[in-house]
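**Student:** Test case, fold it:
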Amino acid sequence: MIKNFEHTIRVANIIEEGRLGGPQMRMALVASALGEHKFNNKIDITFIFPKKDSKEFRERCEKIGVKYFLFSFTRISRNWINILKYLILFPFEVLMLSNFLKKHSFDIVHISGGSRQIKGIIAAKLAKIKFIWELNDTYAPFFVRVIFFFISQLTDSFVFASERTKEYYEKLTPKNKKSFLIQSPVNTNFYDPSNEFTHEEFIKRNIEKKKIIIGTVANVSPVKDFKFFIKIAQKLSQLSSKVIFIVVGSVHNSQKNYYEDLLEKINSSGIKNFFFLGTRTDVRPSLKAMDIYICSSKNESSPLALLEAMSMEKAIVSTDVGDVSKFITNGDNGFFVKNSDDKVFVNYIKKLIDNKILRYNVGKSARQIVKQKFDLKICSDNHVDMYRNIFGQHK
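**Tutor:** Below you'll find the model as predicted:
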């Protein structure tokens, strides 16, 4: 039995990537919910992340009132100079982080961002602080898996963002370590289609009425498989003149070449109705404007943007990533497609294009399943239980 929770549990949540994406959004959502939780005076969250490329993340933290510290984490990339810099600076950054953790007397270190995040783990071990490693992907290169296998032996416990992630890492994690399963959270009060929204200006200005808008929300990256999306768009454009395709999300400098390849593919395919809208501080107006939401990702654990679209009562067609097949029932609250079968994908979208009532019913059911399984309140309660469990192990 876990006792003695008069003590405020001080948690350092560390991520080595500052760019705002799924993991950072999840961190911010949970921290904001814990701040309003009935145990808010017992859980104290501090974020630690790099200054570089973190402007949006910092603004998000300041908006919700989450404490954060900026560290000079060196990010590894395929460039040999950056790899050398990463290796040289690695021990110095780990020691600085370890000293920081000890100085501020954290009770728990929470490592966010997936299997590549190892500096916080070594730093927490050196600082002799209990830590939990959050895993939120379903694919890692061979060399990452090898490093993960050895580093994971140091870990006190794991939290998995989906059942599929847990299955993926099952053979690489020690059997005697405690683990938790906490899916991505959705603030269903915020992502509620009955709220008042401003218009999505690009759509209002450039897209004529009575068009079916098919879209997605995602930063441009090969993992999101936009080439598959473009392939789908090409086939649908041949079948119907009623469709428009939009992508809402950032194009980071590291993905500029990939983005240029996508534009070239669109032009060579003769598609005239595919638009990259760029980033939005609030994606809800864009989601509101969409008739059909698609997820074309190759690998994801718990696709937060898809869940937010479901909360906005969007009709979903998705690849079979993460736990999608466990909470979507084809024809009831959405559609999912195994093995990225483009013919089946197109057929599902065509069915939704042709049947407005089906789109409406599927969207209504989609919101209900999100409220039942992924609501932010459920996720924050699970985090409180997890932190109290870990804290109780060593008190």
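
**Student:** Could you use CA atoms for every contact and neighbour count after this?
**Tutor:** Fine.

**Student:** Let me know whether my guess that residue 244 is in a strand holds.
**Tutor:** Yes. Judged by DSSP: H, G, I helix; E, B strand; the rest coil, residue 244 forms part of a strand.

**Student:** what residues are up against it?
**Tutor:** Contacts for residue 244 (C-alpha atoms under 8 Å, 6 or more residues apart in numbering) come out as 207, 211-214, 273-274.

**Student:** 7 Å instead?
**Tutor:** The neighbours of residue 244, taking C-alpha atoms under 7 Å, 6 or more residues apart in numbering as the test, are 211-214, 273-274.

**Student:** State the distance from it to residue 316.
**Tutor:** Counting by C-alpha to C-alpha, to the nearest Å, the gap from residue 244 to residue 316 is 16 Å.

**Student:** cool, and residue 377?
**Tutor:** Taking C-alpha to C-alpha, one finds residue 377 at 23 Å from residue 316.

**Student:** Give me the mean pLDDT for the strand or helix carrying residue 70.
**Tutor:** Assessed by DSSP states H and E, residue 70 sits inside strand 67-71. The average pLDDT for strand 67-71 rounds to 95.

**Student:** immediately after that strand, which helix or strand?
**Tutor:** Note on strand 67-71: by DSSP H and E, the next helix or strand toward the C-terminus is helix 80-103.

**Student:** For that following helix, which outside residues touch it?
**Tutor:** 73-77, 119, 122-124, 126-127.

**Student:** Extract the CA atoms of that helix and return them as CSV.
**Tutor:** Output in CSV follows, covering the C-alpha atoms of helix 80-103 (Å, rounded to 0.1, in the frame of the first residue of the first chain):
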residue,chain,number,x,y,z
TRP,A,80,29.0,13.8,-39.5
ILE,A,81,30.1,17.1,-37.9
ASN,A,82,26.9,17.1,-35.8
ILE,A,83,27.5,13.4,-34.8
LEU,A,84,31.0,14.3,-33.7
LYS,A,85,29.8,17.3,-31.8
TYR,A,86,27.1,15.2,-30.1
LEU,A,87,29.6,12.6,-29.0
ILE,A,88,32.1,15.1,-27.7
LEU,A,89,29.6,17.2,-25.7
PHE,A,90,27.5,14.2,-24.5
PRO,A,91,29.4,13.6,-21.2
PHE,A,92,29.5,17.4,-20.3
GLU,A,93,25.8,17.8,-21.0
VAL,A,94,24.9,14.7,-18.9
LEU,A,95,27.0,15.9,-16.0
MET,A,96,25.5,19.4,-16.1
LEU,A,97,22.0,17.9,-16.2
SER,A,98,22.8,15.5,-13.3
ASN,A,99,24.1,18.3,-11.1
PHE,A,100,21.0,20.4,-12.0
LEU,A,101,18.6,17.5,-11.0
LYS,A,102,20.5,17.0,-7.6
LYS,A,103,20.6,20.8,-6.9
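
**Student:** among the contacts of helix 80-103, which one has the lowest pLDDT?
**Tutor:** Where pLDDT dips furthest among these: residue 77, at 75.

**Student:** For that residue, grab the count of nearby residues.
**Tutor:** Neighbour count for residue 77, taken as other C-alpha atoms under 10 Å: 12.

**Student:** how close does it sit to residue 85?
**Tutor:** Using C-alpha to C-alpha, residue 77 is found at 10 Å from residue 85.

**Student:** in this structure, what secondary structure element scores lowest on mean pLDDT?
**Tutor:** helix 201-206 (a mean of 82; mean pLDDT, DSSP states H and E).
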